[in-house]
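>>> Structure here, sequence nowhere to be found:
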């Protein structure tokens with residue numbers, strides 16, 4: 001089996017859908033000998049928004065502190081291998097091929113075929129063990145209580161801001177969603193939480209108390225350190241990251257913290273790119289809470305400036321809610337579909353646009369939307385879906401875009 005064939009097989013397992021539950025991933029981790037070794041510290045991060053940035057801060061500071069780290073995140077933007085990173089370096093195609101070959105044989109011998117996400121998690125954990133990672137950072141895929149990542153024993157639980165998203169899976173109220181997120185809390189293990197809506201804070205406090213898990217709520221932003229990630233909200237994410245590292249007994253020195261926070265890279269989150277002399281800003285704001293944070297960052301970075309907005313989204317998201325927030329800051333909106341089986345077409349996107357909105361245009365794909373946007377107001381803001389951000393980055397860099405439904 002070649003690497004392209006292995007990736008093709010893996011992506012074909014998405015037909016098994018999303019299965020919330022821990023029995024499947026536990027069995028696969030057990031049979032592939034992929035559980036972390038004794039002494040390896042694991043930080044588990046759940047939440048609705050800010051998970052990826054917080055994971056990136058934790059990883060960068062830990063590496064600056066001299067630790068060998070494993071970072072597991074999802075989804076990828078362009079290439080599948082972005083999901084599995086050791087000390088800042090993506091897994092190689094050869095290592096990926098070796099593990100996918102073994103995992104395919106193992107999966108075919110199991111009574112219930114593992115899902116795409118379960119296979120990816122198991123591959124990552126085995127690879128981290130082979131590379132002798134000392135600290136592993138796991139970002140949940142969805143929810144927490146029944147997310148596959150919760151099958152991995154963790155030493156610290158981190159819960160970033162919780163909002164309404166994935167409601168068809170996690171529940172239709174903040175309290176119900178918070179119960180799922182708080183499901184990553186382990187008995188006697190430290191919990192770090194961002195400041196939350198009172199309903200969410202209550203759920204996290206109850207779960208922490210029941211588990212006798214010491215709870216720290218981050219109520220103040222981190223100051224005194226330069227951050228490489230843009231936006232006032234990143235000071236909160238950085239504060240949570242440092243608290244998590246402290247709870248994991250990582251020795252933190254000022255120089256290491258300063259270097260790590262100022263050299264953190266997390267693409268697709270208010271990422272600025274120069275293209276043909278124009279400034280492009282890419283941000284995967286795919287729910288109202290993320291859109292509100294994007295607007296706050298935009299007003300801080302580009303006060304009084306209205307961008308051309310290239311927008312797309314997938315089904316199951318609160319597209320109307322996101323557009324209600326983003327439309328007022330845009331000079332003009334350019335809609336296009338994304339390369340995803342869950343993509344909304346431009347007619348659906350136009351229908352979700354509020355009545356009081358700037359002029360809108362529909363385009364067949366991102367490339368034509370970008371060409372049109374560059375002829376209007378600059379800078380150009382590309383937002384609404386991480387799939388759109390990945391597609392944009394692939395187009396701008398000439399890379400092959402690996403579309404994924406998960």
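Cool, the structure landed. These figures come from a predicted structure and were not determined experimentally.
>>> Identify the residues contacting residue 157.
44, 46, 184-186, 189-192, 213 (CB atoms under 8 Å, 6 or more residues apart in numbering). Every residue, glycine included, has its C-beta placed from N, CA and C.
>>> Now do the SS call for residue 119.
Per DSSP: H, G, I helix; E, B strand; the rest coil, the secondary structure class of residue 119 is helix.
>>> on that earlier part again, reformat the contacts of residue 157 as TSV; add pLDDT.
Converted to TSV, the contacts of residue 157 look like this (pLDDT from 0 to 100):
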residue	pLDDT
44	98
46	96
184	97
185	98
186	97
189	98
190	98
191	98
192	98
213	98
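>>> and of those residues, the nearest to residue 121?
residue 44 (11.8 Å; CB to CB).
>>> Return the list of strands paired to the helix or strand hosting that closest one, each annotated with direction.
When elements are assigned from DSSP states H and E, residue 44 belongs to strand 41-46. Partners of strand 41-46 in the sheet, by DSSP bridges, are strand 135-139 (parallel), strand 156-159 (parallel).
>>> Name the residues that touch it?
36, 51, 54-55, 58, 134-140, 143-144, 147, 149-150, 152-160, 181, 183-184, 244-245, 248-250.
>>> Among those residues, which lie within helices?
51, 54-55, 58, 181, 244-245 (DSSP state H).
>>> Pull the number of nearby residues for residue 278.
14 (other CB atoms under 10 Å).
>>> Residue 299 now?
Using other CB under 10 Å, residue 299 is surrounded by 13 other residues.
>>> Look up how far residue 49 lies from the nearest residue to it once chain neighbours are set aside.
In space, and not counting its chain neighbours, residue 299 is closest to residue 329: 7.8 Å by CB to CB, 6 or more residues apart in numbering. Distance, residue 329 to residue 49, by CB to CB, to the nearest Å: 18 Å.
>>> Pick out whichever of the two has more residues nearby.
residue 49 (26 against 18).
>>> and the gap between that one and residue 196?
12 Å.
>>> shared neighbours of the two, anything?
residue 161.
>>> re earlier: got the buried residues for the strand holding residue 44?
Judged by neighbour count (16 or more other CB atoms under 10 Å), strand 41-46 contains these buried residues: 41-46.
>>> any idea which of those is closest to residue 381?
Using CB to CB, those come closest to residue 381 at residue 45, 26.7 Å.
>>> Show me what that closest one bridges to in the sheet.
Assessed by DSSP bridges, residue 45 has beta-bridge partners residue 139, residue 158.
>>> In this structure residue 93 contacts residue 80, no?
No - assessed by CB atoms under 8 Å, residue 93 is found out of contact with residue 80, at 9.8 Å.
>>> what about the two, which has more around it?
residue 80 (21 against 16).
>>> which ones are touching that one?
Here residue 80 is in contact with 7, 10, 96, 402, 404 (CB under 8 Å, 6+ apart).
>>> ok, and the closest non-adjacent residue to the second one?
Take residue 10 and drop its neighbours on the chain: the residue closest to it by CB to CB, 6+ apart is residue 100, 5.8 Å away.
>>> What is the most widely separated pair among the contacts of residue 80?
Top of the distance list for these (CB to CB): 96 and 404, 14.6 Å.
>>> Identify the residue nearest the geometric centre of this structure.
residue 52 (4.1 Å; CA atoms, centre = their mean).
>>> Does that residue touch residue 73 like I think?
Yes - Residue 52 is within contact range of residue 73, at 5.7 Å (criterion: CB under 8 Å).
>>> who touches both of the two?
Here residue 52 and residue 73 share the contacting residues residue 139, scored by CB under 8 Å, 6+ apart.
>>> Against residue 72, how distant is the residue nearest to the centre of the chain?
Note on residue 52: its distance to residue 72, by CB to CB, is 11 Å.
>>> what do these two both touch?
Joint contacts of residue 52 and residue 72 (CB under 8 Å, 6+ apart) are residue 139.
>>> hey, where'd the helices end up in the stretch 251-400 of the chain?
254-262, 288-301, 319-326, 346-351, 366-374, 386-397 (DSSP state H, counting those that start in this stretch).
>>> what residues does the fifth one touch?
Applying CB under 8 Å, 6+ apart, the external contacts of helix 366-374 come out as 275-276, 278, 308-310, 312, 332, 334-336, 338, 361, 363, 380, 382, 388, 391-392, 395.
>>> about what we covered before: as CSV, the helices of the stretch 251-400 of the chain with mean pLDDT and distance to residue 240 would be great.
Output for those, formatted as CSV (pLDDT from 0 to 100; distance: least, CB to CB, whole Å):
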stretch, mean pLDDT, distance to residue 240
helix 254-262, 98, 12
helix 288-301, 92, 15
helix 319-326, 91, 24
helix 346-351, 89, 34
helix 366-374, 94, 33
helix 386-397, 92, 21
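>>> Among those, which comes closest to residue 67?
Across those, closest to residue 67 is helix 254-262 (CB to CB), at 9.9 Å.
>>> now the residue nearest to residue 10: how far from residue 327?
Applying CB to CB to residue 100 and residue 327 gives a distance of 43 Å.
>>> Ok, residue 33 next?
51 Å.
>>> Residue 378 too?
As judged by CB to CB, residue 378 and residue 327 stand 18 Å apart.
>>> hmm, back to that, now for the residue nearest to the centre of the chain: which residues touch it?
73, 139, 266, 269.
>>> who wins for most neighbours among these?
That'd be residue 269 among these, by other CB under 10 Å, with 26 neighbours.
>>> Touching, it and residue 286? I think so.
No - at 11.4 Å, residue 269 does not count as touching residue 286 under the criterion of CB under 8 Å.
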